[in-house]
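**Q** Pasted the sequence and its predicted model underneath.
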Amino acid sequence: MNPTHPLPTDEKFIISGPPEPANITESCSSLGMFLYKRLLRNGDTTALIDGVYSTELQYLELLEKAIRLAESLRRHANLQAGDVVGIVSENRLEFPVALYAAFFLGAAVAPINLTYTERELNHALNLSKPKVLFVSPYSAERVVKVAGENRNFIERVFLFGDENAFGSNVTLYEQFLATTSTINPHTFPILPTNVDEHVALILCSSGTTGLPKGVQLTQRNVMASVSLLSELEASFEVPVVVLGVIPWFHAFGCLTLINVLSNKLKLVSLPKFEEGLFLSCIENYRCSFVFVVPPLMVFLAKHPLVDSYDLSCVNTLLCGAAPLSRETEELVKRRIGVKHVLQGYGMSETTLATLVQTAECNKPGSVGKLQVGTRAKVIDLETGKPLGPNRPGELCFQGTQIMKGYIGNDKATRETIDQNGWLHTGDIGYYDEDYEFFIIDRLKELIKYKGYQVPPAEIESILLTNVKIKDAGVVGLPDELAGELPLAFVVKQPNVTLTEEEVRQYVAERTSPAKRLHGGVRFVEEIPKNVSGKILRRELRALLKKPHAKL
Ligand SMILES: Nc1ncnc2c1ncn2[C@@H]1O[C@H](COP(=O)(O)OP(=O)(O)OP(=O)(O)O)[C@@H](O)[C@H]1O
Ligand SMILES: O=C(O)[C@H]1CSC(c2nc3ccc(O)cc3s2)=N1
Ligand SMILES: [Mg+2]
């Protein structure tokens, strides 16, 4: 939806997505009521299947358990609207029960990465300060210890599973749920809230460029994001079975979980990515839609194990959270015959994606067009002025998915969202004449070589097209003369011979001089990434200071 009549310069280069449907909150007085109505409407069809144990949860079961848990939390843990509920767990069926119980009480939920160390847990918990915590056995020991050191705000810890080795410090979730044996879901009081101000989620950003920030998403942010998949069910002929392997403690995973459950789709959950489990789950449950991050796309493009499974059921791969090259996309399409690879671009700060491809709009290498209810501008890195088509600059967004702010960090919030409500992403990209967007890389990650700004993601995508290369990460090697020299960390495929000169030559044949590996090549065992699929280039840069250190 872009203006045809001439507008003043600044307005001319503001791009708008489709207008938001008139009533995204469906005139619900709160997110809890919005979600309650959708669970009720979805009836006794299957909502979730645990991909490991095949246990199922129907929509009405999820509703009944969440209401019972909400009543137990209200009555026995004094949980009230505005309190915070922490969840430190892998993807498992109890997770959405705890998530929805909190929403029905008007509490905010802080999902936290269960692989966090004690130090990282302490940082995350002191951002959101949850009153109660739900934790799975995997990280219970660490969490119970850190919770004990923060009793000034953590009052209860509930443990998923059926064994409690922590004594009175912990209550088994199943026992606590049983304290409310039956309840009529229709009588539970889901109170009205100010959906524009009331915080629904406190999400940790991935920590790619520094310590994770506590991103506050309002109830309206979450309701606005539900539109992402709403047309999915209608516009695809195949029955929609979604595979949920993206962690639910991350923005991408958590909001797609809520999206799926709000659109009567069936979700098969996996607690983590394991090569055989991932492939067998797709084959056994005939998953037709799979949310992935680029490392999973590289796995699907290159790993020999993929040939041992029947993946013909996969209709669409929805990829996001980090750069995906068109070469990798094409390799996957050719190899497993998937009909659509739909990229999306988002940030924890923008709830779910602000840019998404659709079945109709999916140019190779693009991340698609503006989401409903979102405006964008690409601004010149020097002047800050909005740029026209095919002019790279910093992406900025406005709209109903833009976060409320960083918890406890007004300064960082003001540095990210300007006084006109524009969120400055720190990402460099451009839009073409059809208003389709392309991401180049992060401003902070560009390599400055003799005045050129070299995007590492571009060199990485070229390296990944080499059959002898399993993975790659590119950073700038500090250099007095040039500033920085592009240097590649390379993981070889098993049992191949590959020399540094071969790698340099391979890149040199495919790039302009500035983008060549002037800093050389380092062979390593793996490229450090976080759970949302982003290369931890700061860890690679740290390696440069320890020459010839192995990862
Ligand atoms: N489709 C995509 N292509 C390229 N980059 C993407 C895409 N989707 C997301 N990203 C990257 O992910 C970032 C958002 O990630 P997230 O909010 O999880 O935390 P982070 O920015 O990686 O970590 P932190 O903010 O803590 O440093 C975006 O700013 C962008 O750099
Ligand atoms: O990188 C991130 O933090 C997350 C925040 S949400 C997000 C994406 N959301 C979608 C949704 C659909 C899709 O096809 C891709 C993405 S990337 N990226
Ligand atoms: Mg970020």
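**A** Great, that's in hand. Ligands and ions are numbered 1, 2, ... in the order given.

**Q** Which residues does the helix or strand containing Arg334 contact?
**A** Following DSSP states H and E, the helix or strand that holds Arg334 is helix 326-336. With contact meaning CB atoms under 8 Å, 6 or more residues apart in numbering, helix 326-336 is reached by 294, 297-298, 300-302, 306, 311-312, 314, 317, 319, 338, 341, 343, 364-365, 461-462, 464-465. Where C-beta positions appear, they are placed from N, C-alpha and C, glycine not excepted.

**Q** repeat that with 7 Å
**A** Under the criterion CB atoms under 7 Å, 6 or more residues apart in numbering, residues 297-298, 300-301, 306, 311, 314, 317, 338, 341, 364-365, 461, 464-465 lie in contact with helix 326-336.

**Q** distance from the centroid: which residue in the protein tops it?
**A** Farthest-out residue of the chain from its mean C-alpha position, per CA atoms, centre = their mean: Leu481, at 38.8 Å.

**Q** Got phi/psi on the closest residue to Lys37 other than its chain neighbours?
**A** On the basis of CB to CB, 6 or more residues apart in numbering, the spatially nearest residue to Lys37 that is not a chain neighbour turns out to be Cys28, at 6.6 Å. Per-residue torsions, Cys28: phi -80, psi 150 (degrees, to the nearest 10).

**Q** Cys28 touches Tyr36, doesn't it?
**A** No: contact between Cys28 and Tyr36 fails when scored by CB atoms under 7 Å: they sit 8.3 Å apart.

**Q** and the chain, which of its residues are near ligand 2?
**A** When proximity is defined as CB under 6 Å from any ligand atom, the chain approaches ligand 2 at 228, 251-252, 318, 320-321, 342, 344-348, 352-353, 356, 532.

**Q** cutoff 5 Å now
**A** Proximity of the chain to ligand 2, by CB under 5 Å from any ligand atom, involves residues Ala251, Phe252, Leu318, Gly320, Ala321, Gly344, Gly346, Ser348, Leu352, Ala353.

**Q** How much space separates Leu485 from ligand 1?
**A** Leu485 sits at a distance of 23 Å from ligand 1 (criterion: CB to the nearest ligand atom, to the nearest Å).

**Q** Now do the contacts for that residue.
**A** In this structure, Leu485 makes contact with Tyr449, Gly476, Leu477, Asp479, His518, Gly519, judged by CB under 7 Å, 6+ apart.

**Q** quick one: which of those has the most company?
**A** Note: the member of the contacts of Leu485 with the most neighbours is Gly476, at 24 neighbours, neighbours being other CB atoms under 10 Å.

**Q** in the sheet, who's paired with it?
**A** With DSSP bridges as the criterion, the beta-bridge partners of Gly476 are Pro486.

**Q** how about it, what does it touch?
**A** With CB under 7 Å, 6+ apart as the criterion, the residues that contact Gly476 are Ile447, Lys448, Glu484, Leu485, Pro486.

**Q** about what we covered before: of the residues of the chain next to ligand 2, which belong to helices?
**A** Among the residues of the chain next to ligand 2, the members found in helices (DSSP state H) are Ala251, Phe252.

**Q** and the two most separated of the residues of the chain next to ligand 2?
**A** Considering CB to CB, no two members of the residues of the chain next to ligand 2 lie farther apart than Leu318 and Ser348, which are separated by 17.2 Å.

**Q** follow-up on the earlier one: mind checking which of the contacts of Gly476 are buried?
**A** Members of the contacts of Gly476 that pass the buried threshold by neighbour count (16 or more other CB atoms under 10 Å) are listed as Ile447, Glu484, Leu485, Pro486.

**Q** For the contacts of Leu485, give me a markdown table that also has pLDDT and distance to Ser16.
**A** A markdown table is the format used below for these (pLDDT from 0 to 100; distance: CB to CB, whole Å):
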| residue | pLDDT | distance to Ser16 |
| --- | --- | --- |
| Tyr449 | 92 | 37 |
| Gly476 | 96 | 36 |
| Leu477 | 96 | 42 |
| Asp479 | 93 | 43 |
| His518 | 97 | 42 |
| Gly519 | 97 | 42 |
